[in-house]
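J.: coordinates only, sequence not included:
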Ligand code: FDA
């Protein structure tokens, strides 16, 4: 727990970022979790995953955009990416994931409206390309505004999906609001350091909430996206899907690029839809540190690679 908190703190530290970049094997290690820095890298990685029978969601890395021009650049990148996926014939198997903060939601009083305008443009481009958008969930301060933005835009873009985090005490009730037909909910445990009054601390409590939410989603009319690497929760999801009488194409499993590729393969071979969350871009540092915080065992892998073994 202490290691996790330290790594999450390091995710915000410019000094720690410089240390990773300066280390001889730093960039190579990051490549395990990040497709590359350019759109072309993202398309190549998507192509190879799709060729292996997997679906993809692409995330252009970047959080907390600091000015309007940067938010526009992020939105334009998504528009360019969606065009590139369509041209490569990949849009049927690849969607995009976006963070409202990257689209400018944090830029003062006008930020939320700006982010919605950009999100609307990304959704329209996704519709035109024949694919969908899912909105990532950031820390708890953003939950309410994110759900409100998604609810508003779903009126015009019904395939717009959203992430819910099982560690938040409010999430079971949010699930109940999102059980309608066509509702795409990506259920995750949650990756940010949150205070006790809003989030469960105990891992077992988070897992129990995840199962309660899964049951609701599987019994609902929407499209559950089971985003976890946890073997127990994956098994429970399968059981709940069968109990709810769901065919395999009425829900999907999702995992992060570079994490449990063997399990991704096993599920796909068993006929399940498996979507890999593929991040790309130059702003990979905070994402990378959160992955280390989730599984401090990866620190060993990181340390070995840095010294060249
Ligand atoms: P957890 O980390 O508890 O791991 C459970 C078990 O999984 C481990 O005990 C181990 O058995 C296995 N495992 C995990 N990592 C492994 C590895 N590297 N190798 C082998 N086994 C491993 N979070 C957020 O707050 N907002 C968001 O928008 C998103 N979006 C998102 C999208 C997708 C597609 C995914 C998969 C995840 C997210 N997350 C997220 C991250 C999420 O909240 C969570 O931090 C991670 O998925 C890790 O949690 P797990 O459910 O995998 O379980």
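T.: Yes, it's here. Treat the numbers as computed from the prediction; the structure is a model and nothing was measured.
J.: measure how buried residue 166 is and give me the count.
T.: By other CB atoms under 10 Å, 25 other residues sit near residue 166. In this view, the C-beta of every residue, glycine as well, is placed from N, C-alpha and C.
J.: all numbers from here: first residue = 21
T.: That works, and once the first residue is 21, the last one we named lands at residue 186.
J.: pLDDT weak spots in the protein?
T.: Applying pLDDT under 70 to the chain flags residues 21-23, 26-27, 30-32, 35-38, 40-47, 49, 83-84, 316-329.
J.: can we see that at 50?
T.: Scanning the chain for pLDDT under 50 picks out 326-329.
J.: now do the helices in it.
T.: Along the chain, the segments classed as helices by DSSP state H run 22-30, 34-42, 46-50, 59-71, 88-107, 131-149, 163-174, 191-197, 223-239, 251-263, 281-289, 305-314, 318-326.
J.: could you dump those to a markdown table with mean neighbour count?
T.: A markdown table is the format used below for these (neighbours: other CB atoms under 10 Å):
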| stretch | mean neighbour count |
| --- | --- |
| helix 22-30 | 14 |
| helix 34-42 | 13 |
| helix 46-50 | 17 |
| helix 59-71 | 18 |
| helix 88-107 | 19 |
| helix 131-149 | 20 |
| helix 163-174 | 18 |
| helix 191-197 | 17 |
| helix 223-239 | 18 |
| helix 251-263 | 16 |
| helix 281-289 | 15 |
| helix 305-314 | 20 |
| helix 318-326 | 15 |
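J.: the ligand: which of those is closest?
T.: Closest approach to the ligand among the helices of the chain (CB to the nearest ligand atom): helix 305-314, 4.3 Å.
J.: and that closest one, what does it pack against?
T.: helix 22-30, helix 34-42, helix 318-326 (3 or more CB pairs under 8 Å, 6 or more residues apart in numbering; DSSP states H and E).
J.: let's see 6 Å
T.: Contact partners of helix 305-314 among helices and strands, from 3 or more CB pairs under 6 Å, 6 or more residues apart in numbering; DSSP states H and E: helix 22-30.
J.: what parts of the stretch 221-329 of the chain come near the ligand?
T.: 247-251, 274-276, 279-280, 297, 314-315, 318 (CB under 6 Å from any ligand atom).
J.: give me that answer again for 8 Å
T.: Residues of the stretch 221-329 of the chain found near the ligand (CB under 8 Å from any ligand atom) are 223, 226-227, 230, 245, 247-253, 274-276, 278-280, 283, 295-297, 310-311, 314-315, 317-318.
J.: need the contact list for residue 206.
T.: For residue 206, the contacting residues are 154, 183, 245, 247, by CB atoms under 6 Å, 6 or more residues apart in numbering.
J.: the second one contacts residue 153, correct?
T.: No: using CB atoms under 6 Å, residue 183 makes no contact with residue 153, being 11.7 Å away.
J.: leaving out the residues flanking it, which one is nearest to the most centrally placed residue in the chain?
T.: In the chain, the C-alpha nearest the mean C-alpha coordinate belongs to residue 156, at 5.4 Å (CA atoms, centre = their mean). Spatially, and ignoring its direct neighbours in sequence, residue 156 is nearest to residue 119 (4.7 Å; CB to CB, 6 or more residues apart in numbering).
J.: returning to that earlier point: could you measure from the residue nearest to the centre of the chain over to residue 234?
T.: According to CB to CB, to the nearest Å, residue 156 stands 19 Å off from residue 234.
J.: now do residue 309
T.: Counting by CB to CB, the gap from residue 309 to residue 234 is 28 Å.
J.: distance of the closest residue to residue 58 other than its chain neighbours relative to residue 258?
T.: Of all residues not flanking residue 58 in the chain, residue 300 sits nearest, at 7.2 Å (CB to CB, 6+ apart). Separation of residue 300 from residue 258 (CB to CB): 30 Å.
J.: before we move on, what about residue 81?
T.: Taken as CB to CB, the span from residue 81 to residue 258 is 31 Å.
J.: again, but for residue 148
T.: To residue 258, residue 148 is 35 Å away according to CB to CB.
J.: can you check residue 270 too?
T.: Distance from residue 270 to residue 258, by CB to CB: 13 Å.
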